[in-house]
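Participant: How does the following fold in three dimensions:
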Amino acid sequence: MNTRRRTVLRWLAATGVLVLAPATGIGGYLWAETGRGNLGTLSFRNRLPIPPLLPPTVDADGRKRFRLALTAGRTELLPGTSTATWGANGSILGPTLRVRRGDRVAVDVANDLPESTSVHWHGMHLPAVMDGGPHQPITPGGVWRPYWTVEQRAATLWYHPHLHRSTAAHVYRGIAGLFLVDDDETDALPLPNRYGIDDIPLILQDRKFHGDGSLDMSDLGFGGLAVTGLLGDRILVNGGYDPYLDVTTDLVRFRLLNGANARIFSVGFTDDREFLLVATEAGLRETPLPTRRLMLSPGERAEIVVPFRAAEEVVLRSFPPPLGGNRLTRRLAGGDDTFDLVKIVPA
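Facilitator: Residues are numbered from 1 along each chain as shown. Take a look at the predicted model:
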């Protein structure tokens, strides 16, 4: 009955039947239950975690070989609580892999989790047999050893589980990481390029929690009121909650990844400053695009360059995204939600 009720409510919202009376009855219930945001609730007291670069070894065949161990652990996400999470080479998320165009690459992926999973190289051009999709599960205790030659332009890619019927849950528990590709063309440009200093990854994710700090996964499969999948009311950036970032340079390059399951972010700054969009998933744009807002759907990446002035603090925020559709459908999909993401603190 609960499943049928939720299905009917979502259908009514999608068709606009409830949009005429959002303040009363079922419409009022939907309206009250779907507004989300965190404005005024953060203190920006935690230093933003930066996923470490994973150093490769060079094997006997001359390949750059990386090693990832998928494990279960516990992470303090919300203050004073411990949450069961999954990660690669740690309790949540994973290290950043970095290669150059032309490199011969290999990755040893060990599954130390209690169930099968996979790891997919999202955005990488490579043979299907090395791709890590639903057709290539790694059983518990197993090791998968893909290898390939990097044959694409510089870009910000990422890796995540892609097992049939389990992708959403495995990413939600915490397995995800960046995979950066460099090339000579990008190296020759005056872009900030010191990883963790003026070249900063920002993995944006939303989560729901139970009162004891455990992850709430009850609506992960299009349950509840969401028309797009689970939408959380807490934001994690690089696996950290309530973060700030110290910056020490006039220009900072941010590599943004929407690592959420369903939420669409509309990213900008609270002072409405202009920034430059310099790259998307496929690599560099022909020219930088000045903008004040950037919308990112799940899995989407972008690189932006932002100017800062000494002692001029500002917050990176996700504003209500322009989703289209009727008013109630937009609200169900997160179209009215506003979230502060990370506070930027220039030296």
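
Participant: Please report the distance of P79 from N46.
Facilitator: From P79 over to N46 the distance is 9 Å, taken as Cβ to Cβ, to the nearest Å. C-beta coordinates here come from the backbone N, C-alpha and C atoms, glycine included.

Participant: out of those two, which sits in the busier spot?
Facilitator: When P79 and N46 are compared for neighbours, N46 comes out ahead with 16 against 11, by other Cβ atoms under 10 Å.

Participant: do you know how far that one is from Y195?
Facilitator: For N46, the distance to Y195 - Cβ to Cβ - is 20 Å.

Participant: can you check P290 too?
Facilitator: Using Cβ to Cβ, we find P290 at a distance of 25 Å from Y195.

Participant: tell me the phi and psi of the nearest residue to L97 once chain neighbours are set aside?
Facilitator: Excluding the flanking residues, the one nearest L97 by Cβ to Cβ, 6 or more residues apart in numbering is F179, at 4.7 Å. Here is the backbone geometry of F179 (degrees, to the nearest 10): phi -130, psi 100.

Participant: and D187, how many neighbours does it have?
Facilitator: Look at D187: counted by other Cβ under 10 Å, it has 11 neighbours.

Participant: residues touching it, list them.
Facilitator: N193 (Cβ atoms under 8 Å, 6 or more residues apart in numbering).

Participant: quick one, phi psi at it?
Facilitator: Torsion angles, degrees, to the nearest 10, at D187: phi -60, psi -30.

Participant: Phi and psi next, for T291.
Facilitator: phi -160, psi 170.

Participant: residues contacting it?
Facilitator: 274-277.

Participant: Looking at those residues, which are in helices?
Facilitator: Counting by DSSP state H, none of the members of the contacts of T291 fall within helices.

Participant: Neighbour-wise, which one of those residues leads?
Facilitator: Neighbour counts for the contacts of T291 (other Cβ under 10 Å) peak at F275, which has 23 neighbours.

Participant: What strand or helix carries the nearest residue to that one once chain neighbours are set aside?
Facilitator: Nearest residue to F275 in three dimensions, chain neighbours excluded: V306, at 4.4 Å (Cβ to Cβ, 6+ apart). Per DSSP states H and E: V306 is located in strand 301-307.

Participant: chain center to that strand: distance?
Facilitator: Chain-centre distance of strand 301-307: 15 Å, with Cα atoms, centre = their mean, to the nearest Å.

Participant: Report the mean per-residue pLDDT for that strand.
Facilitator: The average pLDDT within strand 301-307 is 98.

Participant: which residues sit against that strand?
Facilitator: For strand 301-307, using Cβ under 8 Å, 6+ apart, the contacting residues are 123, 155-158, 191-192, 250-258, 269, 273, 275-281, 288, 294, 296.

Participant: Give me the helices and strands touching whichever helix or strand comes after it, please.
Facilitator: Using DSSP H and E, the helix or strand that follows strand 301-307 in sequence is strand 314-319. Applying 3 or more Cβ pairs under 8 Å, 6 or more residues apart in numbering; DSSP states H and E, one finds that strand 314-319 contacts strand 265-269, strand 339-346.

Participant: what pLDDT, on average, does the shortest one get?
Facilitator: When you say that, I think you mean strand 265-269. Across strand 265-269, the average pLDDT comes to 98.

Participant: how about low-confidence regions in the stretch 101-250 of the chain?
Facilitator: Scanning the stretch 101-250 of the chain for pLDDT under 70 picks out the ranges 222-226.

Participant: rerun at 90
Facilitator: 165, 218-230 (pLDDT under 90).

Participant: Could you pull out the strands in it for me?
Facilitator: 104-111, 120-122, 143-144, 147-149, 155-160, 177-182, 199-207, 234-237, 240-241, 243-247 (DSSP state E, counting those that start in this stretch).

Participant: Can you name the residues in contact with the first one?
Facilitator: Contacts of strand 104-111 from elsewhere in the structure, counted by Cβ under 8 Å, 6+ apart, are 56, 59, 61-70, 97, 99, 117, 119, 132, 138-150.

Participant: could you redo the last one with a cut-off of 6 Å?
Facilitator: By Cβ atoms under 6 Å, 6 or more residues apart in numbering, the residues outside strand 104-111 that reach it are 63-70, 99, 117, 119, 138, 140, 142-150.

Participant: ok, P321 - contacts?
Facilitator: Per Cβ under 6 Å, 6+ apart, neighbours of P321: 264, 266, 295.

Participant: For it, which three-state class applies?
Facilitator: Put simply, P321 is coil when judged by DSSP: H, G, I helix; E, B strand; the rest coil.

Participant: With the flanking residues excluded, which residue is spatially nearest to it?
Facilitator: Leaving out its chain neighbours, the residue that sits closest to P321 by Cβ to Cβ, 6+ apart is S266, at 3.9 Å.

Participant: Near I138, how many other residues are there?
Facilitator: 20.

Participant: What is the burial count for G40?
Facilitator: 6.

Participant: now the longest strand along the chain and strand 104-111, what's the angle there?
Facilitator: Across the chain, the longest stretch assigned as strand under DSSP state E is strand 64-75. Relative orientation of strand 64-75 and strand 104-111, computed by axes from the mean of the first three to the mean of the last three Cα atoms, to 10 degrees: 30 degrees.

Participant: From the contact counts, what lies against strand 64-75?
Facilitator: Packing contacts for strand 64-75, counted by 3 or more Cβ pairs under 6 Å, 6 or more residues apart in numbering; DSSP states H and E, involve strand 83-88, strand 104-111.
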